[in-house]
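**Q** quick one, fold the following:
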Amino acid sequence: MNYDRIYNMKFADLYPNYVQKALRKNKTQEEVDTIICWLTGHTHKTLKEVISQQISVRSFFEQSPHFNEHAHLITGVICGVKIDEIEDPLMKKIRYLDKLIDELVRGKAMDKILRT
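**A** Residues are numbered from 1 along each chain as shown. Model (predicted):
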């Protein structure tokens, strides 16, 4: 499957979708940021800087300071596809983030989302 359209999208264009999804379910931007920082190793400050730089989704994930070593614990189905069955490493990282945001909006406790 060709994921170029997603990979070349600006992360700054994707990020507001995560925030809006959370806000609709009475969650906060801070919670979304915490999840993104946990997954990618960014701090809240570097996350804001990266968003302002208008980098691609591909660059956002490839240049993440430290992708969380516990990300493999994120399992389940996202967009009708089992995360474990996603072969493309970059798409898997994107879907990990999608899954974590879904868990947030479904009311899962933050300590469970962050696999602590």
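
**Q** ok, L97 touching I35?
**A** Yes: shown here, L97 and I35 form a contact pair, counting by Cβ atoms under 8 Å, at 7.4 Å. Using the backbone N, CA and C atoms, a C-beta is placed for each residue, glycine as well.

**Q** next secondary structure after the helix or strand that contains N17?
**A** Using DSSP states H and E, N17 falls within helix 11-24. Heading C-terminal from helix 11-24, the first helix or strand you meet, by DSSP H and E, is helix 29-40.

**Q** tell me what that following helix is packed against?
**A** helix 11-24, helix 44-52, helix 89-105, helix 110-113 (3 or more Cβ pairs under 8 Å, 6 or more residues apart in numbering; DSSP states H and E).

**Q** looking at those, which is nearest to N68?
**A** Minimum separation from N68 across the helices and strands packed on helix 29-40 (Cβ to Cβ) falls at helix 89-105, 8.7 Å.

**Q** now the closest one: buried residues?
**A** 91-105 (16 or more other Cβ atoms under 10 Å).

**Q** swap in stretch 17-26?
**A** 18-19, 21-22.

**Q** what does it contact?
**A** 28-29, 31-32, 36, 97, 101, 104-107 (Cβ atoms under 8 Å, 6 or more residues apart in numbering).
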